[in-house]
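Peer 1: what's the 3D shape of this:
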Amino acid sequence: MSVPWYSAIYKDGRLEITDWTSEINSRTNPPPKGFLNDLPPDLRILICEKIPLTDEDLPDQWPPLLESLSLNYTQITILILPPSLKRCDCGGNPSLTILHAFEGLEHLASVDSGITSDLKIPSTVTSLHMAYCKLPTLPVLPSGLKELRVNDCGLTHLSDLPPTLETLAVDHNDLTAIPPLPSTLKTIVAYKNKLASFPPVPERVTLLLIQENHLLSLPTLPMSLEILNVDDSIASSIDRTRWTHERKSSNYWHWETHEYKKQRPVTEYFDWRKTQKELSKLD
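Peer 2: Numbering: from 1, shown residues only. I've put the predicted structure just below:
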């Protein structure tokens with residue numbers, strides 16, 4: 001009886017296949033042609049990264065228990081997700097223009113893909129991350145969405161936000177207005193847009209980054225706020241008895257409340273360019 005090709009790398013329902021041209025992976029036999037049609041039947045997590053997969057390589061039927069799928073840096077153009085999927089990451093696929101997802105999906109991330117406003121988001125999605133795509137507008141957002149990240153997508157319009165939203169990150173876009181913000185929000189990242197005004201900030205927000213816009217005044221700030229980035233031109237209206245500041249660039253200031261600065265370690269350094277994972281720690 002022959003040994004399955006994946007026997008050496010398959011463990012606890014997880015199979016990871018990444019960049020077989022790299023020095024470290026070249027020491028191991030690469031997966032055979034058509035390997036996606038020969039996956040473990042109890043596979044739950046599949047990660048394929050920097051593998052030159054095309055549409056013809058995708059299986060007609062995925063393993064029935066598959067819950068998490070990452071297909072990053074491939075050459076696929078159409079992706080129909082399996083109905084069992086809870087989490088999908090399909091970044092680095094500029095040729096990907098069609099993505100079909102089923103109800104039940106909870107997390108969807110697509111960074112640097114060819115997906116446009118034709119995207120349809122299942123109502124079960126609670127976390128959506130799109131970046132470096134062409135999305136001037138968004139489709140109807142799920143009512144239970146908790147995390148919305150749309151970065152550098154040419155977004156010009158933002159419709160009503162879900163009442164459950166906790167994280168809103170829409171930096172590096174062309175927004176001229178932000179709709180009313182739900183009371184559930186904790187994190188707001190909206191720098192580098194064209195905003196001339198900003199709605200009142202909900203009471204639970206602890207992080208607000210709104211520098212490099214066209215704002216002439218500060219929005220109403222909650223007492224919960226701990227971190228604030230604003231342009232130099234409107235920093236004069238900040239209550240300096242509560243806030244301490246540090247210049248981050250030639251045109252904006254980074255502010256922290258005195259209480260927050262006392263609580264965090266002296267060695268901790270806040271950078272507004274933190275990755276998605278690092279920013280989520282502040283939620």
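Peer 1: where does pLDDT dip in the stretch 101-250 of the chain?
Peer 2: Residue ranges of the stretch 101-250 of the chain with pLDDT under 70: 117.
Peer 1: nearest residue to Thr77 in space, please, no chain neighbours.
Peer 2: Ser95 (4.9 Å; C-beta to C-beta, 6 or more residues apart in numbering). From N, CA and C alone the C-beta is placed, and that goes for glycine too.
Peer 1: and the one you found, how many neighbours?
Peer 2: 13 (other C-beta atoms under 10 Å).
Peer 1: then Lys120?
Peer 2: 9.
Peer 1: what sits against Leu66?
Peer 2: Leu66 makes contact with Leu43, Arg44, Ile45, Leu46, Pro82, Ser84, Leu85 under the criterion C-beta atoms under 8 Å, 6 or more residues apart in numbering.
Peer 1: the fifth one - nearest residue in space that isn't next to it in sequence?
Peer 2: Ranked by C-beta to C-beta, 6+ apart and with sequence neighbours excluded, the top spatial neighbour of Pro82 is Trp62, at 3.8 Å.
Peer 1: nearest to Val189, of the contacts of Leu66?
Peer 2: Leu85 (27.3 Å; C-beta to C-beta).
Peer 1: thinking again about what came up before, format the contacts of Leu66 as TSV; extra columns: distance to Gly13 and neighbour count.
Peer 2: Converted to TSV, the contacts of Leu66 look like this (distance: C-beta to C-beta, whole Å; neighbours: other C-beta atoms under 10 Å):
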residue	distance to Gly13	neighbour count
Leu43	6	20
Arg44	4	16
Ile45	6	16
Leu46	10	23
Pro82	15	20
Ser84	13	16
Leu85	14	21
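Peer 1: put together a markdown table for those, with secondary structure, pLDDT and distance to Gln211 on each row.
Peer 2: Formatted as a markdown table, the contacts of Leu66 follow (DSSP: H, G, I helix; E, B strand; the rest coil; pLDDT from 0 to 100; distance: C-beta to C-beta, whole Å):
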| residue | secondary structure | pLDDT | distance to Gln211 |
| --- | --- | --- | --- |
| Leu43 | coil | 96 | 45 |
| Arg44 | coil | 97 | 42 |
| Ile45 | strand | 97 | 38 |
| Leu46 | strand | 96 | 40 |
| Pro82 | coil | 93 | 42 |
| Ser84 | coil | 95 | 42 |
| Leu85 | coil | 96 | 37 |
